[in-house]
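Visitor: model this:
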Amino acid sequence: MQLQQIGIESIGVYIPSERHTAEYISEMSGTPVEILKAKMGLFSKAVPGPDDHTVAMGVNAAKVAIERAGLTPEEDIDLVIWAGEVHAEHPMQTYAIKFQNEVGATKAWAFDVNQRCGTFIVGMILAKSLMITQGYKRVLIGSGYRNSDLIDYTNIRTRFMHDLAASGVAMILKADHPENVILEGSVISDGRFSEDVYVPAGGTVQPMSCEALEKRLNYLDVTDPAALKKRLDELSMQNFLRVVDDSLKQSGYSRKDIDYLGLIRMKRSAFEFVANELGVDPYEQSTYFTEYGHMGQNDAVVSLEEGLRDGRIKDGDIVVLTAAGIGWSWNAITIKWGPA
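Guide: From the prediction side, this is the model:
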């Protein structure tokens, strides 16, 4: 028996208009502007305005996706997955349920999932599986991200994360939809990195206090930057290639079939390395963000939006979306774009 096809019906993107420029980040951090622009590929990044809260940005993106698909959310959406960040409006909320309510998906049920910057691809894998096994017709996946709030520019240990930015994205998947078909995903996680990057204060190990705030322990930090870099250099790029190869193989394809690669934003040399290793032109068959910054799990969906807008993604193309998140994880998923 042939399994039903799960396809992308629509996507939505919301990027705040506020920006931190490379010049501003340089002034705050001490990193030379030329390093930010040439090495990190960062000319500016999106930062949240007064109303750009995490779930709110996901809602803005979802409304775009719903309008593009011509749906009535209270009737047409069966399941809602929040694939955005936990740094959001209020601690201990179930963000999917808040998101569900604000988009009006009243007949759906909702849950949160999180794997840092890998979350959206995980959400797509889960959505496809649930649609096949449970019979859901439509699933809305939403995400908001503003971990830019958690960056202290004066902390040199987190310089590689100074490009963290803000945005919202959403995707609607439809069952028995032989268009923009979701194929197979692949994920690697490695718990040896789980204690390398986190916010020191605010949890049960070190509750928030006046002293913690004075010491700026409410921002992301890296316990041992040199050791982390060494271990990541040995594994990270190869794991990117592994998940892409595995996703392609499970989908019946190989590197030579890639038409568009939705890579996460990273320093320019790493971006070019992964693309070139996979046989993809990094600037013709992918999209490199110099003005938005790194939007976490939202990067892949923004890359998809940009690729479609610029005509780099066409009907019949094999599209691979990728991600990697602190903790550490590496993710890829393959899509057959256009009508089957």
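Visitor: could you chop the chain up by domain?
Guide: Domains of the chain are assigned by automatic domain parsing as 6-179, 183-339.
Visitor: deepest-packed of those domains, please.
Guide: Most buried of these, by mean neighbour count (mean count of other CB atoms under 10 Å): domain 6-179, with a mean of 20. (C-beta placed from N, C-alpha, C; glycine too.)
Visitor: so can I have JSON lines of the domains of the chain showing mean pLDDT?
Guide: JSON lines is the format used below for the domains of the chain (pLDDT from 0 to 100):
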{"stretch": "domain 6-179", "mean pLDDT": "98"}
{"stretch": "domain 183-339", "mean pLDDT": "97"}
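Visitor: the stretch 1-150 of the chain: helices as residue ranges?
Guide: 22-29, 33-34, 54-69, 73-76, 95-103, 119-134 (DSSP state H, counting those that start in this stretch).
Visitor: the fifth one: how far from the chain's middle?
Guide: Here the centre of helix 95-103 is set off from its chain's centre by 19 Å, with CA atoms, centre = their mean, to the nearest Å.
Visitor: with the second one instead?
Guide: Between the centre of helix 33-34 and the centre of its host chain there is 26 Å, according to CA atoms, centre = their mean.
Visitor: quick one: contacts of it?
Guide: With contacts defined as CB atoms under 8 Å, 6 or more residues apart in numbering, helix 33-34 is touched by Ala22, Glu23, Ser26.
Visitor: now, among those, which is nearest to Met237?
Guide: Ala22 (25.1 Å; CB to CB).
Visitor: hang on, isn't the closest one packed against Ile35?
Guide: No. Applying CB atoms under 8 Å as the test, Ala22 and Ile35 come out as separate, 9.3 Å apart.
Visitor: from the chain's centroid, how far away is stretch 291-306?
Guide: Stretch 291-306 sits 7 Å away from the centroid of its parent chain (CA atoms, centre = their mean).
Visitor: same thing with stretch 67-87?
Guide: 17 Å.
Visitor: please apply the same query to stretch 64-81.
Guide: 21 Å.
Visitor: can you start the count at 51 instead of 1 from here on
Guide: Got it, first residue is 51 now, which makes that one stretch 114-131.
Visitor: still on that earlier bit, dump the helices of the stretch 51-200 of the chain into a markdown table; add distance to Val219 as well.
Guide: Output for these, formatted as a markdown table (distance: least, CB to CB, whole Å):
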| stretch | distance to Val219 |
| --- | --- |
| helix 72-79 | 23 |
| helix 83-84 | 29 |
| helix 104-119 | 5 |
| helix 123-126 | 17 |
| helix 145-153 | 12 |
| helix 169-184 | 7 |
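Visitor: go through the ones you listed and name the closest to Asp309.
Guide: Using CB to CB, the nearest of the helices of the stretch 51-200 of the chain to Asp309 is helix 169-184, at 18.4 Å.
Visitor: report the longest helix in the protein, please.
Guide: helix 275-301 (DSSP state H).
Visitor: which strands and helices lie in contact with the next helix or strand after that helix?
Guide: The helix or strand immediately downstream of helix 275-301 is strand 310-312, counting by DSSP states H and E. Using 3 or more CB pairs under 8 Å, 6 or more residues apart in numbering; DSSP states H and E, the elements in contact with strand 310-312 are helix 349-359, strand 368-375.
Visitor: what's in contact with strand 310-312?
Guide: Applying CB under 8 Å, 6+ apart, the contact partners of strand 310-312 are 294, 324-325, 328, 330, 335-337, 349-350, 353-354, 357, 362-363, 367-372, 387.
Visitor: can we see that at 6 Å?
Guide: Residues outside strand 310-312 that contact it (CB atoms under 6 Å, 6 or more residues apart in numbering): 325, 330, 335-336, 350, 353-354, 357, 362-363, 367, 369-371.
Visitor: partner strands of that strand, parallel or antiparallel?
Guide: Here strand 310-312 has these sheet partners by DSSP bridges: strand 368-375 (parallel).
Visitor: packing partners for the helix or strand following the strand it pairs with?
Guide: Sequence order places strand 379-389 as the next helix or strand after strand 368-375, per DSSP H and E. Under the contact criterion of 3 or more CB pairs under 6 Å, 6 or more residues apart in numbering; DSSP states H and E, strand 379-389 touches helix 169-184, strand 229-239, helix 275-301, strand 368-375.
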